[in-house]
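Novice: How does the following fold in three dimensions:
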Amino acid sequence: MKKLALLLVLAVSLSGCGNFMSSSSDTTIQINETDLGGASGQQETGAGMTFIARSDREPIPAIAGLDLDLEPIAITDYLGGVTVVNAWASWCAPCVEETPELVATYKATKDLGVQFLGLNVNDDLESARKFAQEIPYRSIADPEGRLLALVPGIPPNGLPSTLIVDRDGQIAVRIIGPVEEGVLTALITEVAAEKRAQ
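Specialist: Presented below is the predicted three-dimensional model:
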């Protein structure tokens, strides 16, 4: 088996906006091929990140609603390719800090055909619209957090949270807490390299 090793330096703060304890760490972890889905089960990659083996993945719930411009939007519009779903709020300090990382990742992975979708949680529309001017992709408005609560493995107030959904519409990676561009890009690249299930 070809061994793929990525050395990732994480500088991640887990002081999220929901049910997280405040702490921060600088962690160096090595992710081998088995950590990126080569073995069965869920592989913790550190800092609230889980890479889920293909045999254990669950489908992304069919979340839908209105975007921040009150236009209809649904996750099903994005499926078929690799999709990154990021739950955020304008009042969430780690979400604000993470946004430049997400925008950089969006730009870095655009040539891979990766799509991004935001999920704006427990926010008022005007604040969300003002903040979203920095975000180059659409977001579903979830003012009461009902849609986020449908996502398996994410705490109801788990902000920020990021999912990487594979081409089969299955959740391949779950990240609770902020993530850096280099880490997210590496994870997206691994999921993008997978072939569709037969």
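
Novice: Can you classify the residue nearest in space to the middle of the chain by secondary structure?
Specialist: The residue lying closest to the centre of the chain (Cα atoms, centre = their mean) is Thr162, at 1.9 Å. Under the three-state scheme (DSSP: H, G, I helix; E, B strand; the rest coil), Thr162 adopts strand.

Novice: and what of the one 10 residues further on?
Specialist: Classification of Ala172 by three-state DSSP places it in strand.

Novice: Would you check how far apart it and Ala89 are?
Specialist: The gap separating Ala172 from Ala89 is 24 Å, by Cβ to Cβ, to the nearest Å. The C-beta positions use only the backbone N, C-alpha and C, and glycine is treated the same way.

Novice: now do Arg174
Specialist: Arg174 sits at a distance of 18 Å from Ala89 (criterion: Cβ to Cβ).

Novice: Check for me that Lys110 belongs to a strand.
Specialist: No - secondary structure of Lys110 (three-state DSSP): helix, not part of a strand.

Novice: Okay, it and Ser55: tell me how far apart.
Specialist: According to Cβ to Cβ, Lys110 and Ser55 sit 30 Å apart.

Novice: So Arg174 and Ala89 - more neighbours on which side?
Specialist: Set Arg174 next to Ala89 and count neighbours by other Cβ atoms under 10 Å: Ala89 wins out with 25 against 21.

Novice: Tell me the confidence at the more buried one?
Specialist: Listed pLDDT for Ala89 reads 96.

Novice: Skipping adjacent residues, who's closest to it in space?
Specialist: With sequence-adjacent residues excluded and distances taken as Cβ to Cβ, 6 or more residues apart in numbering, Ala89 is closest to Asp123, at 4.5 Å.

Novice: Pull the contacting residues for Thr109.
Specialist: Listed by Cβ atoms under 8 Å, 6 or more residues apart in numbering, the contact partners of Thr109 are Val84, Thr185, Ile188, Thr189, Ala192.

Novice: cutoff 10 Å now
Specialist: For Thr109, the contacting residues are Val82, Val84, Gln115, Phe116, Glu181, Leu184, Thr185, Ile188, Thr189, Ala192, by Cβ atoms under 10 Å, 6 or more residues apart in numbering.

Novice: could those residues go into CSV alongside secondary structure and neighbour count?
Specialist: Shown next, in CSV, are the contacts of Thr109 (DSSP: H, G, I helix; E, B strand; the rest coil; neighbours: other Cβ atoms under 10 Å):
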residue, secondary structure, neighbour count
Val82, coil, 23
Val84, strand, 25
Gln115, strand, 20
Phe116, strand, 22
Glu181, helix, 18
Leu184, helix, 25
Thr185, helix, 20
Ile188, helix, 23
Thr189, helix, 16
Ala192, helix, 17
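
Novice: Report the two of those separated the most.
Specialist: Farthest-apart pair in the contacts of Thr109 is Gln115 and Glu181; separation 16.8 Å (Cβ to Cβ).

Novice: Distance from the chain centre to the strand or helix carrying Ala141, please.
Specialist: Using DSSP states H and E, Ala141 sits within strand 139-142. Chain-centre distance of strand 139-142: 14 Å, with Cα atoms, centre = their mean, to the nearest Å.
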